[in-house]
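Undergrad: sequence and predicted structure below; questions after.
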Amino acid sequence: MSRLKLFILATLLSASSGFAQSGLMEEIFQLDRSHSYVNFSITYMGYAKVRGSFSDFNAAIRYDENDLSKTSVSFVLKVASIDTNNDWRDKDLQSPGWFDAEVFPTIQFTSTAANSEGNHLIVTGDLTIKDVTQSIELKMKKPLGVLKDNRDDLQVIFEGSYSLNRKAYHVMGKRWDQVKEGIASLSDEVTVEFSLLGKQIKAGNFSNWLRNPRSPQHHIYQAYNQGGTTQAIEQYQAMQDTMNVGHRALNMVGYMLVQENKAADAVVLLQRNAQDFPEQTNAFESLGEALTHANRIEEAHVVYQKALELDANNVIALEVLKHFQ
């Protein structure tokens, strides 16, 4: 094969790989925590139920309604957010006798495979609690598909439950292991129930966040519309010289440009954001998304890895890096 043909073939393969990875971003849904929950229950003295929940958690979902085998989830919850409606009990559960939140601050799940089974979606993955990681199967209701809400944002809902043996994960609670009248104070089995709403915020809704004339992102976006990235950065710098403009301002404008299919311009603004806020994982995560949409996959891979270095619990970076080739 001639060098010219080899060059053309390599170019086509590179382009097709880039477009495949760019399309991945259309399948990533970020958690809407205000419409999601993670609850649990355990049996006390043989019949009573103690119920609780975690208020601080995050997840990223990959979902393609036409190919459920692509389904993938990365999930992290904060142990310190445990809530059983009893302050003393919550502190006890965070202590070394239970979850040891100071040493093991998070519980993590990352999926490894998925398949459809009747009306259910079976997601296999690794669950890590404390210093133990085990492969488990989550049997969930099959999602209804990707739905539009009243703001035209896209959403998908994952619901299910799972029962686990807490002692298999070294969650012992030894002083509650007493047996009275043949009944253990607390059961070993814990039932977890969850509902995760993944969302993609689209341009029509996201633009509302840029309309407030008192916000920095409004002025930066207006400057972009008047004079492109150069004028937008000049406006950003002028505001930065007179007030404290955080990383979210350029982040929001960059995300809006991605929504408007202006990924190359979004990259310019988000590169400046990452330069000015090198400790912000979200700055690198957003830059990674813009680079992916611009089919600059190798650069995106490096940037997502940086986001993960800054925050090992960045679920978007975790999920996207799973699928980069």
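TA: Structure received. No experiment lies behind these values; they were computed from the predicted model shown.
Undergrad: what pairs with residue 116 across the strands?
TA: residue 121 (DSSP bridges).
Undergrad: what's the distance between residue 25 and residue 117?
TA: The gap separating residue 25 from residue 117 is 28 Å, by C-beta to C-beta, to the nearest Å. C-beta here means a position set from N, CA and C on the backbone, and glycine is covered the same way.
Undergrad: quick one: residues contacting residue 305.
TA: The contact partners of residue 305, by C-beta atoms under 8 Å, 6 or more residues apart in numbering, come to 317, 321.
Undergrad: residue 152 belongs to a strand?
TA: No. Applying DSSP: H, G, I helix; E, B strand; the rest coil, one finds residue 152 to be coil, outside a strand.
Undergrad: that one and residue 205 touch, don't they?
TA: Yes. Using C-beta atoms under 8 Å as the test, residue 152 is close enough to residue 205 to be in contact (6.7 Å).
Undergrad: what residues of stretch 162-179 count as buried?
TA: Buried residues in stretch 162-179, counted by 16 or more other C-beta atoms under 10 Å: 162, 164, 166, 169, 171, 173.
Undergrad: then stretch 51-58?
TA: 52, 53, 54, 57, 58.
Undergrad: so what's the third one bridging to?
TA: Assessed by DSSP bridges, residue 54 has beta-bridge partners residue 82.
Undergrad: check it and give its pLDDT.
TA: Reading off the confidence values, residue 54 has pLDDT 97.
Undergrad: repeat for the last one
TA: What the model reports for residue 58 is a pLDDT of 96.
Undergrad: surely it touches residue 315?
TA: Yes. Shown here, residue 58 and residue 315 form a contact pair, counting by C-beta under 8 Å, at 5.0 Å.
Undergrad: give me the common contacts of these two.
TA: In contact with both residue 58 and residue 315: 31, 75, 76, using C-beta under 8 Å, 6+ apart.
Undergrad: correct me, but residue 60 touches residue 32?
TA: No. Using C-beta under 8 Å as the test, residue 60 is too far from residue 32 to be in contact (11.7 Å).
Undergrad: helix or strand next in line after the lengthiest strand in the chain, which one?
TA: The residue-count maximum for a strand in the chain (DSSP state E) belongs to strand 186-200. Later in the chain than strand 186-200, the nearest helix or strand by DSSP states H and E is helix 203-206.
Undergrad: wait, residue 71 touches residue 111, no?
TA: Yes. Residue 71 is in contact with residue 111 according to C-beta under 8 Å; the separation is 7.4 Å.
Undergrad: same drill for the two, tell me which one is more crowded.
TA: Regarding residue 71 and residue 111, a neighbour count based on other C-beta atoms under 10 Å identifies residue 71 as having more, with 24 against 20.
Undergrad: OK, contacts around residue 107?
TA: Per C-beta under 8 Å, 6+ apart, neighbours of residue 107: 54, 76, 77, 79, 127, 128, 129.
Undergrad: so which residues of this protein form strands?
TA: 28-31, 37-44, 48-54, 57-62, 72-78, 82-83, 106-117, 120-129, 132-141, 147-148, 154-165, 179-180, 183-184, 186-200.
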